[in-house]
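1. Predicted model and sequence below, questions to follow.
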There are 2 protein chains.
Amino acid sequence: MNIYGASVSRLIEEFAKLPGVGAKSASRMAFYVLNSPKERAEALANAILNAKNSSKYCKFCYNLADTDICRICAGSKRDNSTIMVVESPQDMAAYEKTKEYSGLYHILHGAISPMDGVGPADLRIKELLERLQRDESINEVILATNPNIEGEATAMYLAKLLKTLEIKTTRIAHGVPVGSDLEHVDSVTLLRALQGRIPV
Amino acid sequence: MNIYGASVSRLIEEFAKLPGVGAKSASRMAFYVLNSPKERAEALANAILNAKNSSKYCKFCYNLADTDICRICAGSKRDNSTIMVVESPQDMAAYEKTKEYSGLYHILHGAISPMDGVGPADLRIKELLERLQRDESINEVILATNPNIEGEATAMYLAKLLKTLEIKTTRIAHGVPVGSDLEHVDSVTLLRALQGRIPV
């Protein structure tokens, strides 16, 4: 790739390190930056440095924020009695998009995964327990970790821990996704949908 | 998207401006940057600023380079008698990957496209003509603009111009791509492959 000169090659390499960016996309991005006005390139570079320097974790839920307390925890219209436990800020954003959930969140920043060397101590579990012990208004914890092996393991682990605290703990339902076609749904999901059936 | 705080939202927005990056990829990139060590984020930001500040166009072929003359034009093993005209540095890189073409290049930085308001004056055509008039060693110009409407129009335009200079001008062949299946090749390409048939 050195036919463009060192600085361009380095930019392509740096872009290629981003998740989901291959060599071709990386060079497309680099040429976009090189062909755009200087202010655009500076805006991108500054956004990176600025986000890295000024963003921190909310001291309650570990969402990313520019302030000590994130917008959701600081929101006056939120229901402080419910905490939804999710793996990542993106998962929280997905639930926020539903515009129906008005409780608070707790972000673990990962899931238990022995294969990747991630244990309970690497997640914000201790902080969750402290929060539950400190804040008496919380009366339900919804486990919304991902419906995959790591997410299920994390949910099981948390469910066990929370039992000792005597706080109502629930898990989001497994079932057939809305708009899907039964024919194309895997059998484990079909079975979970059957087991979780509700009276109509 | 403002649930993460302003600095993170701005980073996501900036990433989303890059070509081929949607809202989801942009937030994945942003979280990758935020979760990686500070040096990684700084390396990316610096690569952007550095490439933007120190890269310039080669004064002969208009390839991107850190020096006045790019590596290809400065290369001692290149055949100075042939110039391949391409639309972009990426197209040049594609031909360099073949490792068979040893001539020089001339990068137009675009193609004639009245729909997008790009005329001959917006491309490095004047510079190509000056180069051909200045450099007597050039005896062939290969037109390797893209095989689409804009690329063909540009090739036709250049072919007409070059005729007056009495330099041998060729166009890369159209035909069936190697490894393809005739059944899936469009009829225009099939016809061009037939018209361009060569004795074996």
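-> Structure's in. What do you need?
2. Contacts only, for residue A:143.
-> Listed by Cβ atoms under 8 Å, 6 or more residues apart in numbering or on different chains, the contact set of residue A:143 reads A:85, A:154-155, A:158-159, A:169-172. The C-beta positions use only the backbone N, C-alpha and C, and glycine is treated the same way.
3. How much space separates the most centrally placed residue in chain A from residue B:27?
-> With distances taken as Cα atoms, centre = their mean, residue A:88 lies nearest the centre of chain A, 1.6 Å away. To residue B:27, residue A:88 is 10 Å away according to Cβ to Cβ, to the nearest Å.
4. now swap in residue A:148 and tell me
-> From residue A:148 to residue B:27 the distance is 20 Å (Cβ to Cβ).
5. Which of the two has more residues huddled nearby?
-> Neighbours per residue (other Cβ atoms under 10 Å in any protein chain shown) separate residue A:148 from residue B:27, with residue B:27 holding more: 22 against 12.
6. Without its sequence neighbours, what residue ends up closest to that one?
-> residue B:12 (5.0 Å; Cβ to Cβ, 6 or more residues apart in numbering or on different chains).
7. Residue A:20 - nearest residue in space that isn't next to it in sequence?
-> Nearest one to residue A:20, counting by Cβ to Cβ, 6+ apart, is residue B:25 at 5.5 Å.
8. The one you found: how many residues sit nearby?
-> Neighbours around residue B:25, by other Cβ under 10 Å: 19.
9. for the record, mean pLDDT for the host helix or strand of it?
-> Per DSSP states H and E, residue B:25 falls inside helix B:23-35. What helix B:23-35 shows for mean pLDDT is 91.
10. what packs against it?
-> Packed against helix B:23-35, as judged by 3 or more Cβ pairs under 8 Å, 6 or more residues apart in numbering or on different chains; DSSP states H and E, are the following elements: helix A:38-54, helix A:89-97, helix B:6-16, helix B:38-54.
11. Looking at those helices, which one is packed in the most?
-> Highest mean neighbour count of the helices and strands packed on helix B:23-35: helix B:6-16, a mean of 21 (counted as mean count of other Cβ atoms under 10 Å in any protein chain shown).
12. what mean pLDDT does that one have?
-> Helix B:6-16 comes out at a mean pLDDT of 93.
13. Output it as PDB, nothing but the C-alphas.
-> Output of helix B:6-16 as PDB, limited to C-alpha atoms (Å, rounded to 0.1, in the frame of the first residue of the first chain):
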ATOM      1  CA  ALA B   6     -22.400  15.500  23.600                       C
ATOM      2  CA  SER B   7     -18.800  14.400  22.900                       C
ATOM      3  CA  VAL B   8     -19.700  10.800  22.200                       C
ATOM      4  CA  SER B   9     -22.600  11.800  20.000                       C
ATOM      5  CA  ARG B  10     -20.400  14.200  18.100                       C
ATOM      6  CA  LEU B  11     -17.900  11.400  17.500                       C
ATOM      7  CA  ILE B  12     -20.600   9.100  16.200                       C
ATOM      8  CA  GLU B  13     -21.900  11.900  13.900                       C
ATOM      9  CA  GLU B  14     -18.400  12.500  12.500                       C
ATOM     10  CA  PHE B  15     -17.800   8.800  11.800                       C
ATOM     11  CA  ALA B  16     -21.200   8.600  10.100                       C
END
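14. about what we covered before: chain center to the helix holding residue B:25, what's the gap?
-> Its chain's average C-alpha position is 28 Å from that of helix B:23-35, according to Cα atoms, centre = their mean, to the nearest Å.
15. in that helix, what's buried?
-> Using 16 or more other Cβ atoms under 10 Å in any protein chain shown as the test for burial, helix B:23-35 gives B:25-34.
16. now swap in stretch A:61-80 and tell me
-> In stretch A:61-80, counting by 16+ other Cβ under 10 Å, buried: A:61-66, A:70-73, A:78.
17. give the contact list for residue A:138.
-> So residue A:138 contacts A:80-83, A:131-132, A:167 (Cβ under 8 Å, 6+ apart).
18. Which among the residues you listed count as buried?
-> Buried among these (16+ other Cβ under 10 Å): A:82-83, A:131-132.
19. Out of these, the closest to chain B would be?
-> residue A:83 (15.9 Å; Cβ to the nearest Cβ).
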